[in-house]
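[1] Attaching a predicted model along with its sequence, questions to come.
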Amino acid sequence: MERHGAAYGAALTDTALAEHAADVLRMNDMGGWTKAAPLLYPHQWSWDSAFVAIGWAQVDVCRAMTEQQRLFEAQWRNGMVPQIVFNPDAGPESYFPDPARWACELSPEAPIGIAETSGLCQPPVHAIAVRRILEVARELGGAELADVRAQLVDLFPKLLAWHRYLAENRDPDGTGLVTTYHPWEGIDNSPRWDAVLARLEVGAVPPYTRRDVQHVADAGQRPTNEHYDRFLWLLELLKRHRYDDVEIHLHYPFLVKDVFLTAVLVTANTALREIAEFVGASDEDKALIDLWRDRGRKGIASTVDASSGMTYDLDMTTGAPIETATFAGMSPLIDGGFDAGQRATSLALFDSPAFAGHPDLRWRMLPSTSPESEVFDPRNYWRGPVWPIVNWLYWQGLRDGGDVERAEELRTVSLDALRTVGFAEYFDPMTGEPLGSAMQSWTAAVALDWLAS
């Protein structure tokens, strides 16, 4: 795998690793926004962009804010931040599905004339990123802090609208749990979705050519064609419903209450509450953020399985929990404010042989699927590999929740791993082989933040 010319290895110093990480961001910089990766991902992805901003904060704090400002220019009228903002210079052959396949002009909420986007969203890491940018700006003071303050006054209402969309449009019944519509809303081919996808009655999917398998060493690292047919059939159904949330909740076959996405929203609301104080938001806005955060925590608490201690997604069609052993089962660790007893249970699971304590792991990090699961595949996307960005979220949650020693251990082993694998998209948890796309922006970004911490 290409590693940007760097001589990776255990002897690589922190300074050299930081320089290589900053080089990756600069190489993928498109002048105000950052490609997720040079070849496989030539556009701006939503949660990639948030992590990228966290990395840019350690290089140029004003550039970090610009990253988020540019993303939110493509925000939909209903508040949704789209999964992809397409690069108009990349061309339709650069990535599939392209804007024509998404046909977002079907929705009156889409930013027509402003940007071409996808019609889905991704986990709301953005307020978490902005809080980190603010922390760095406060340390710097002076002109940098003044610039960030000015941009935050403009960005705060957009962040609030984004969280409102998730809290209301994606949870119309007020359960506290966010509904995901598609595997592409973050954790693409996770076994969490297998049962829901398996019962789909797939109709006629228009012909397509996959671009993703052309940029990896072998197709076994990516979702199968069978999964892709299902992904694209769901897209056809979303277009039939004109991306209307009310219609989707009434008639659409893939509706899952997502504990991981919800946990990210909870900690994002914690971050947004701090931002609200900084920009002088109204008491009404601050109370609303508190309501969303507390309701999310209660929602996740309602998903805890009594026998395993795992938090499980809820299949809204059947009303049954999706009992699959993935990293999402420890979601209470992502936010420091969850119940201490549940956090202790989740940490024990995190460090058990089912996850980060498995004796065959190369590094004591969290794999995407339990190595003890029958569906574990160490090389296939979200079905086993380690993702540094997921471990960053859990590191932050461990630290903020008071598990400082375990957080520091996770940071240390994560940096050791990146010295070896480089800035790969993900890697084999057993062998450490780098997988997916090389020179991944968000992997470089979390490396920079870990080094600064």
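    Structure received.
[2] Confirm for me that Phe260 is in contact with Phe327.
    Yes - counting by Cβ atoms under 8 Å, Phe327 is a contact partner of Phe260 at 7.4 Å. The C-beta positions use only the backbone N, C-alpha and C, and glycine is treated the same way.
[3] Skipping adjacent residues, who's closest to Gly436 in space?
    Glu425 (3.1 Å; Cβ to Cβ, 6 or more residues apart in numbering).
[4] wait, Asp449
    Excluding its sequence neighbours, the residue lying closest to Asp449 (Cβ to Cβ, 6+ apart) is Ile54, at 5.1 Å.
[5] contacting residues around Ala287?
    For Ala287, no contacting residues are found, by Cβ atoms under 8 Å, 6 or more residues apart in numbering.
[6] Number the chain from 29, please
    I'll keep to 29 as the first residue from here, and by that count the last item is Ala315.
[7] Would you mind measuring from it to Glu305?
    From Ala315 over to Glu305 the distance is 13 Å, taken as Cβ to Cβ, to the nearest Å.
[8] What of Arg323?
    20 Å.
[9] Tell me if Asp257 really is in a strand.
    No - using DSSP: H, G, I helix; E, B strand; the rest coil, the assignment for Asp257 is helix, not a strand.
[10] Quick one: neighbours of it, just the number.
    Each residue near Asp257 was counted by other Cβ atoms under 10 Å, and the total is 15.
[11] from memory it sits against Val230, does it?
    Yes - using Cβ under 8 Å, Asp257 is in contact with Val230, at 5.8 Å.
[12] Mind telling me what element Leu342 is part of?
    In the assignment (DSSP states H and E), Leu342 maps to strand 341-343.
[13] How about residues contacting the helix or strand that comes right after that strand?
    On the C-terminal side of strand 341-343, the closest following helix or strand by DSSP H and E is strand 348-350. With contacts defined as Cβ under 8 Å, 6+ apart, strand 348-350 is touched by 220, 223-224, 284, 331, 333, 340-343.
[14] What is the burial count for Pro381?
    Counted with other Cβ under 10 Å, residues neighbouring Pro381 total 13.
[15] Quick one: residues contacting it.
    Shown in contact with Pro381 (Cβ under 8 Å, 6+ apart): 387, 400.
[16] Ok, Val403 next?
    Counting by Cβ under 8 Å, 6+ apart, Val403 makes contact with 219, 222, 352, 397, 411.
[17] before we move on, what about Val206?
    Here Val206 is in contact with 194-195, 198-199, 285-286, 289-290, 293, 324 (criterion: Cβ under 8 Å, 6+ apart).
[18] Would you agree Phe288 falls within a strand?
    No - under three-state DSSP, Phe288 falls outside any strand and is assigned helix.
[19] contacting residues for the nearest residue to it once chain neighbours are set aside?
    Among residues not flanking Phe288 along the chain, Ala356 sits closest, at 4.0 Å (Cβ to Cβ, 6+ apart). Residues near Ala356 by Cβ under 8 Å, 6+ apart: 215, 218, 220, 286-288, 339, 341.
[20] Mind listing what's buried along the strand or helix carrying Gln424?
    Gln424 is located in helix 416-428, with elements delineated by DSSP H and E. Residues 416-428 are the ones in helix 416-428 that count as buried (16 or more other Cβ atoms under 10 Å).
[21] Show me what that helix is packed against.
    helix 287-307, helix 432-449, helix 469-480 (3 or more Cβ pairs under 8 Å, 6 or more residues apart in numbering; DSSP states H and E).
[22] Report the angle between the longest one and helix 416-428.
    This points to helix 287-307. Angle of helix 287-307 versus helix 416-428, following axes from the mean of the first three to the mean of the last three Cα atoms, to 10 degrees, is 60 degrees.
[23] Tell me which of Arg323 and Glu305 has more neighbours.
    More crowded of Arg323 and Glu305, by other Cβ under 10 Å: Arg323, with 19 against 10.
[24] That one: which element?
    Using DSSP H and E, Arg323 sits in helix 311-329.
[25] Alpha carbons of that helix, in PDB - could you do that?
    The C-alpha trace of helix 311-329 is given here as PDB (Å, rounded to 0.1, in the frame of the first residue of the first chain):
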ATOM      1  CA  ASP A 311     -31.500  30.200  27.100                       C
ATOM      2  CA  GLU A 312     -34.100  28.600  24.900                       C
ATOM      3  CA  ASP A 313     -31.400  27.200  22.600                       C
ATOM      4  CA  LYS A 314     -29.300  25.900  25.500                       C
ATOM      5  CA  ALA A 315     -32.300  24.200  27.100                       C
ATOM      6  CA  LEU A 316     -33.100  22.500  23.900                       C
ATOM      7  CA  ILE A 317     -29.600  21.100  23.600                       C
ATOM      8  CA  ASP A 318     -29.800  19.900  27.100                       C
ATOM      9  CA  LEU A 319     -33.100  18.200  26.300                       C
ATOM     10  CA  TRP A 320     -31.700  16.400  23.200                       C
ATOM     11  CA  ARG A 321     -28.600  15.300  25.100                       C
ATOM     12  CA  ASP A 322     -30.500  13.900  28.100                       C
ATOM     13  CA  ARG A 323     -33.100  12.200  25.900                       C
ATOM     14  CA  GLY A 324     -30.400  10.500  23.900                       C
ATOM     15  CA  ARG A 325     -28.700   9.100  27.100                       C
ATOM     16  CA  LYS A 326     -32.100   7.700  28.200                       C
ATOM     17  CA  GLY A 327     -32.700   6.300  24.700                       C
ATOM     18  CA  ILE A 328     -29.400   4.400  24.800                       C
ATOM     19  CA  ALA A 329     -30.000   3.200  28.300                       C
END
